[in-house]
Structure formats: structure tokens, C-alpha cells
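A.B. asks: Fold the following, please.
(2 chains)
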Amino acid sequence: EPEVTQTPSHQVTQMGQEVILRCVPISNHLYFYWYRQILGQKVEFLVSFYNNEISEKSEIFDDQFSVERPDGSNFTLKIRSTKLEDSAMYFCASTDGGRVNEKLFFGSGTQLSVL
Amino acid sequence: LAKTTQPISMDSYEGQEVNITCSHNNIATNDYITWYQQFPSQGPRFIIQGYKTKVTNEVASLFIPADRKSSTLSLPRVSLSDTAVYYCLVGLISSGSARQLTFGSGTQLTVLP
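C.D. replies: Next up is the predicted model:
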């Protein structure tokens, strides 16, 4: 089965530093998402992306966050100045086919630790 | 966004059928019901999706009553490897702009030997 690939699997950074989390969605998918999960808590929506622009974003996705699809394959999440509370597992997801939310494929996640 | 309510946890024994019920009283006409499974330190994995009545695949069945205010995920003959968190999500399926799916707190299923 095709996979969503995320790199790196673990990222450790100092507070205030910028981080870029990378994702390669499944090649024919059209809709892309970032979710995060703080340890022991539920999966939280951050942002959705379609047709090279943000479709929807949550309150968590403030000005410190940005997303980009720099080429035809990568989808990145940038956190400009990390805070301690940004420590979480970040999941990238993409959807199968032409209908949004029909079936999300999630990557294995990037564990971000902010020190 | 329709809010969902699920039991926080359930225990079962290997070989038993497990039914997890989710309430979604304010589901909208165009919303679909989707269940995901999540193992520790992994991304959620799609299990099944439906709109009404019953849907079955190789992994599970999904029962949705006529009023669609609840749904039940049925896992036949569970094994230890089915121990995971199960999420019920309600959301719009459409073309065009991507819409968020909201995860609830999920149900921790523990399968005992």
C-alpha cells in the first residue's frame, strides 16, 4: 500500500529556533493536512491544504506556523520560533482520490521535542 | 462540526466480538462517519467509513441507524494486536476546499489474553 513519508522521525530543537517538518504525500493525492498530538492527548487538526493554498486552519495554527508545497512532491510545516508547548508528534496526512476527507492516509509522524 | 462521544476505554478478550458505539447527535445531512485506529507512536489508520445503514470490509463492520445520531464499530474476533485507540469522526466528504476532521478523545480498546 502506498505510504505518506515524514522526515525526520525525531527532531530536537532549542526554544526559539525554527524547524521544518517534511512530508511526502502519496503521489496522486490532492488534499493535504497537518495534525499534531501532544503526548497522552487527542489528535488535533492544524491545517488543511488544497490547490496550493490553505483551505482551513485551527486556532493552534497561528502566525508562527506556515505550510508550503515547494514542489510537486513535498509538503512542509514550518514553525518559525518554537515554544516548549510545541513539543508534540506531528502527523502529515493526505487523501485518497478526489473527495476530501474520504480516506486520510497518515504518515508515521515527526516527534518534535523543544528544549 | 459535529461533536462525537465515545467510551473512554473498553476491555475485551481474544476471540470476542467488540462493539464500540459513538454518539453524534448533531450530525449534519452531508456528514460521513469514519473510524480510525491508532497504535502508540503511529499515525491514525483508516478502518471504515459510512453514511447510513451497514458497511462491511475485511476488517470491521459499521452500523448506522436511520437517524444517524450514533454509529457502532464492530470488530469480529479481536486479537491482542487490536489493542489500540479507536476514533470516531464525523465530517463532510466533498470535492473542493479541504475541510478539517475533528478527532475526539477516542476509545482505548485493550484486548486481554
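A.B. asks: Give me the contacts around the helix or strand of chain B with the lowest mean pLDDT.
C.D. replies: The weakest-scoring helix or strand in chain B, judged by mean pLDDT, DSSP states H and E, is strand B:84-92 (a mean of 89). Identification of contacts with strand B:84-92 by CB atoms under 8 Å, 6 or more residues apart in numbering or on different chains yields A:42-43, A:100-101, B:1-2, B:4, B:6, B:20, B:22, B:24, B:27-28, B:30-39, B:44, B:47, B:71, B:73, B:99-104, B:106-109. All C-beta atoms are positioned from the backbone trio N, CA, C, and that covers glycine.
A.B. asks: Would you write out the ChimeraX command that picks the buried residues out of those residues?
C.D. replies: Only the buried entries of those go into this ChimeraX selection, using 16 or more other CB atoms under 10 Å in any protein chain shown:
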select /A:43,100,101 /B:2,4,6,20,22,24,27,31,32,33,34,35,36,37,38,44,47,71,73,99,100,101,102,103,104,106,107,108,109
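A.B. asks: At which residues are the strands of the chain located?
C.D. replies: Just so you know, I chose chain A. Remark: strands assigned in chain A by DSSP state E are A:5-7, A:10-13, A:19-24, A:31-37, A:43-50, A:53-57, A:65-68, A:75-79, A:88-95, A:104-106, A:110-114.
A.B. asks: wrong chain, I was asking about chain B
C.D. replies: B:9-13, B:18-23, B:31-38, B:45-50, B:53-56, B:61-64, B:70-75, B:84-92, B:107-112.
A.B. asks: how about TSV for the ones you listed, with distance to residue A:70 added?
C.D. replies: Listed next are the strands of chain B as TSV, based on distance: least, CB to CB, whole Å:
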stretch	distance to residue A:70
strand B:9-13	42
strand B:18-23	38
strand B:31-38	29
strand B:45-50	27
strand B:53-56	38
strand B:61-64	38
strand B:70-75	38
strand B:84-92	28
strand B:107-112	38
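A.B. asks: Run through chain A and note the low-pLDDT ranges.
C.D. replies: By pLDDT under 70, the low-scoring segments of chain A are A:96-102.
A.B. asks: check contacts around the closest residue to chain B within it.
C.D. replies: Going by CB to the nearest CB, chain B is nearest to residue A:106 of chain A, at 3.0 Å. Residue A:106 sits next to A:4, A:35, A:91-93, B:43-45 when contact means CB under 8 Å, 6+ apart.
A.B. asks: Counting neighbours, what do you get for the closest residue to it other than its chain neighbours?
C.D. replies: Closest residue in space to residue A:106, ignoring its immediate chain neighbours: residue B:43 at 3.0 Å, by CB to CB, 6 or more residues apart in numbering or on different chains. By other CB atoms under 10 Å in any protein chain shown, 24 other residues sit near residue B:43.
A.B. asks: these two touch, right, residue B:43 and residue A:107?
C.D. replies: Yes: in this structure, residue B:43 is within contact of residue A:107 by CB atoms under 8 Å, at 5.5 Å.
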